[in-house]
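> Fold the following and give me the result.
(chains A, B and C)
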Amino acid sequence: MNVATVPMNVGLILAGVLFLFGVIGIIVRRNIFFILLSIEIMLNAAGLAFVVAGSHWGQPDGQVMFIFILSMAAAEVSVGLALVLQLYNHYKSLDVDEISKMSG
Amino acid sequence: MTITDVITLLPLILLSATVVVLMLVIAFYRNYQISILITLGGQLLAFLSLFVIYPYAPRQITPLIVLDGYSVFYMGLLIAASFTIVLLSYSYFIKFESNREEYFILITLATLGSSILVSSNHFASFFLGLEILSVSLYTLISYQRYQEHRIEAGIKYLVLAGTTAAFLLFGMALIYAELGTMEFSNMAFTGEITTVNQPILLVGWGLLTVGIAFKLALVPFQVWTPDVYQGAPLPVTAFIATISKGGMFALMLRFFTEVPVGSSSSLWGAFAIIAILSMLLGNILAIVQSNVKRILAYSSIAHLGYLLVAFLAGGVRGTEAVAFYFVAYFITSLSAFGVITILSRQDHEMEDLNDFKGMFWRYPLLGIILTVAMLSLAGIPPMVGFYGKFYIAFAGVDQSLWLLLIVLVGSSVIGLFYYLRVVITTFMREGDEEAERKELLFGKLIISRTGSAVLSILGFLMLAVGIFPGPLLSLIEKLVSGMG
Amino acid sequence: MNIAFYLAAAIAIVATLQVIVQTNAVHALLYMILSLLSVAVIFYTLGAPFVAALEVIIYAGAIMVLFIFVVMMLNLGPQSSEQERSWMNLSTWIVPSIMALILIAELVFVLTQGASGTTGAKVIEPQQISLALFGPYLLGVELASILLLAGLVGAYHLGRGRDQRIERNV
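So this is what the prediction gives:
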């Protein structure tokens, strides 16, 4: 099988751009659902960076870290979506500004 | 993995075994008292096993985990703190109308996650330990789903922790891309790292620092932390303030000692700015608060700032100062949170500062302990908090960190204001209508005897260790200095 | 193979951009799945077929499906789409877009300055990964399972309905 020989910098830049999109998503969106989705984008981008780095060094460590990131994303998403459901049942809205009742 | 490796992993194995036993017990015979006894027993065994494994230290078990004096010390501290919190949660959750026992599973898991953090020598165990801690905390914070503010605090913490993890991971990926290794011990550097020669590494460290600062609730990443503290149940707030921060800070100290934080002046400068801002803002913002949980939240931001000063001092002195201050901070925070916890029930927490008016006259023992805790946090002798700050200043003077020390002293003075305000409120005499309202709130409150016993021990420790810090200091020297 | 990489990268960027700009939740999720699939192709071109498969199976196939379940349950239909559109007008996007452009420029600058190297020296077979998982990362696997346990207990506790009857053995 052929393998692409791309400069590592390009791979990392790609991961960085995707990561930035995730950060923008968290800042701009007001719906908690989209905020969770943006966190997933960020985690995926970080995983991409790991695999790119692992490919550069020829070690399986990058892919192993990616597997761990997958398990973390799974655990976090399950708990996060359960929380979102409870939030919706309670407040009937997913707007972050509206549920931000605590201040000070 | 040899049999010796398995033996040295005993504390972690015991904590995991506690979780499994708890799950089985809940499945077959759901009983609150039995569950709490199993939790306490498991944590006690894990603590005792630290004595068993210490002769084998230092030992590297797979590239991921290292067991040396440093990790033994911090694991002991974390498990002891968790033990205390479980004891204090007994009366808090007893009347919870739904599943009460899963709480203990999650607390033990979170303690396990934190213990892994302090023994971590590799990005993988760093990340996994952190996530075990975080995922358990998401549920712990929103444990009482139908209470005011719980779910909101849970969601805020989730977004915060998810962002933290993403930043940390990206930083780790960049560092890995540059160095080709993820083990801390392989990352040692001599010489200076600047933007010119190794920019990817610097950016990686920067992102790592951002992630760590989010977790430690340092300024300017502390925005949602007071909300989370206010919205979480009291024992969980105590847990976040102590164990969660302690584990992360211990790991950060280990990482930036192996990879000297001084090797990059911009990174060191960034930490210094964060420290100054945290010390100042933490204390200033606490002054306007009227909710005791938020006061303690901002106060913990300030205390993490003080710890950063010792971290920046570095070396053996700095490492020992951090260890001592953590013990002092743990004992004091647990006392303060503990007093409020045993006065609360799961459907009514004693958060408002006005509810504390005249508390001393109603519950003298708790009033004294709260007073001692507040004075210790303010750094007034002879409480242990004073000696902790003194030791940090000592480490700072050693390295001539004059600006940081000035800010430390200055912000401590500012801090005096709100700590003393709590103390004075406790000693005020209440008016008649106040007394009537209090009677309604607290008349039927039976103070848990275990809770009072635990708090008395903590109060005693605050004074004893403050007056005779010797034994603790020699323990720290023996265990922690090997890493400095 | 290089062409495949760049093509997949372009698709990933466009798809991810669409995810954060979309007003309709289901559309955003579909773009997200597209983004994940293109990242999987990227993994394959980099010589990481194992994680390419995992990305599709677990990330796109399980985690995104969870999201879709929740969208369907919450019924984020056209009304919420309207609401989203009202929240996101041009003014909300100006500042973040400028910041993003600056950051991207910085990112490109930093990453092209640093040590260069190419990827894809060789394909990393699943065999190597399993040797790593059973060797140095053994504890990592155990810890990952404990992490999933924490997620399990949490999702169970938070996801259950109102208790009709409280059973105790006190």
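> from the stretch 351-484 of chain B, which residue is nearest to chain C?
Taking Cβ to the nearest Cβ as the measure, the stretch 351-484 of chain B has B:S448 as its residue closest to chain C, at 16.3 Å. Placement of C-beta: from N, CA and C, glycine included.
> Indicate whether the host helix or strand of B:V52 makes contact with chain C.
Taking DSSP states H and E as the definition, B:V52 sits inside helix B:32-53. Yes - applying Cβ under 8 Å from any Cβ of the partner chain, one finds helix B:32-53 in contact with chain C at B:Y32, B:Q33.
> tell me what the top helix by length along chain A is packed against?
When chain A is parsed with DSSP state H, its longest helix is helix A:61-91. Counting contacts by 3 or more Cβ pairs under 8 Å, 6 or more residues apart in numbering or on different chains; DSSP states H and E, helix A:61-91 packs against helix A:32-57, helix A:96-99, helix B:123-141, helix B:150-179, helix C:49-54, helix C:64-74, helix C:126-134, helix C:138-159.
> rewinding a little: can you read off the backbone torsions of the residue of the stretch 351-484 of chain B closest to chain C?
phi -60, psi 130 (degrees, to the nearest 10).
> burial of the nearest residue to A:H90 once chain neighbours are set aside, as a residue count?
Once flanking residues are discounted, A:H90 sits nearest to B:I151: 6.0 Å by Cβ to Cβ, 6 or more residues apart in numbering or on different chains. Each residue near B:I151 was counted by other Cβ atoms under 10 Å in any protein chain shown, and the total is 26.
> what's the answer for A:N2, then?
11.
> Verify the assumption that it is located in a strand.
No - counting by DSSP: H, G, I helix; E, B strand; the rest coil, A:N2 falls outside a strand, being coil.
> thinking it is in contact with C:A4, fair?
No - the pair A:N2 and C:A4 fails to qualify as a contact (Cβ atoms under 8 Å) at a distance of 9.3 Å.
> any idea how far B:I273 is from B:S411?
B:S411 is 14 Å from B:I273, where distance means Cβ to Cβ, to the nearest Å.
> okay, those two: which has more neighbours?
Between B:S411 and B:I273, B:S411 has the larger neighbour count (other Cβ under 10 Å), namely 21 against 12.
> List the buried residues in the helix or strand that the more buried one is a member of.
Following DSSP H and E, one finds B:S411 within helix B:402-427. Across helix B:402-427, burial judged by 16 or more other Cβ atoms under 10 Å in any protein chain shown covers B:404-405, B:407-408, B:411-412, B:414-416, B:418-419, B:421-423, B:425-426.
> any idea which helix or strand carries C:A100?
helix C:90-113.
> Mind checking the pLDDT average for stretch C:4-19?
Averaged across stretch C:4-19, pLDDT comes to 94.
> now that stretch, how far from the chain's geometric center?
A distance of 13 Å separates the centroid of the chain from that of stretch C:4-19, by Cα atoms, centre = their mean, to the nearest Å.
> Can you confirm whether that stretch lies near chain B?
No - Stretch C:4-19 stays clear of chain B (Cβ under 8 Å from any Cβ), getting no nearer than 13.9 Å.
> just stretch C:155-164 next, same as before
Yes - Stretch C:155-164 lies within reach of chain B by Cβ under 8 Å from any Cβ, at C:Y156, C:H157, C:L158, C:R160, C:D163.
> Using PDB, write out every CA atom in that stretch.
Extracted C-alpha coordinates of stretch C:155-164, given in PDB (Å, rounded to 0.1, in the frame of the first residue of the first chain):
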ATOM      1  CA  ALA C 155     -25.200   8.100  32.100                       C
ATOM      2  CA  TYR C 156     -27.300   5.600  34.000                       C
ATOM      3  CA  HIS C 157     -27.800   7.900  37.000                       C
ATOM      4  CA  LEU C 158     -28.500  11.000  34.900                       C
ATOM      5  CA  GLY C 159     -30.600   9.400  32.300                       C
ATOM      6  CA  ARG C 160     -33.100   7.600  34.300                       C
ATOM      7  CA  GLY C 161     -36.700   8.800  34.400                       C
ATOM      8  CA  ARG C 162     -38.600  10.000  37.400                       C
ATOM      9  CA  ASP C 163     -38.600   7.400  40.200                       C
ATOM     10  CA  GLN C 164     -42.100   6.000  40.600                       C
END
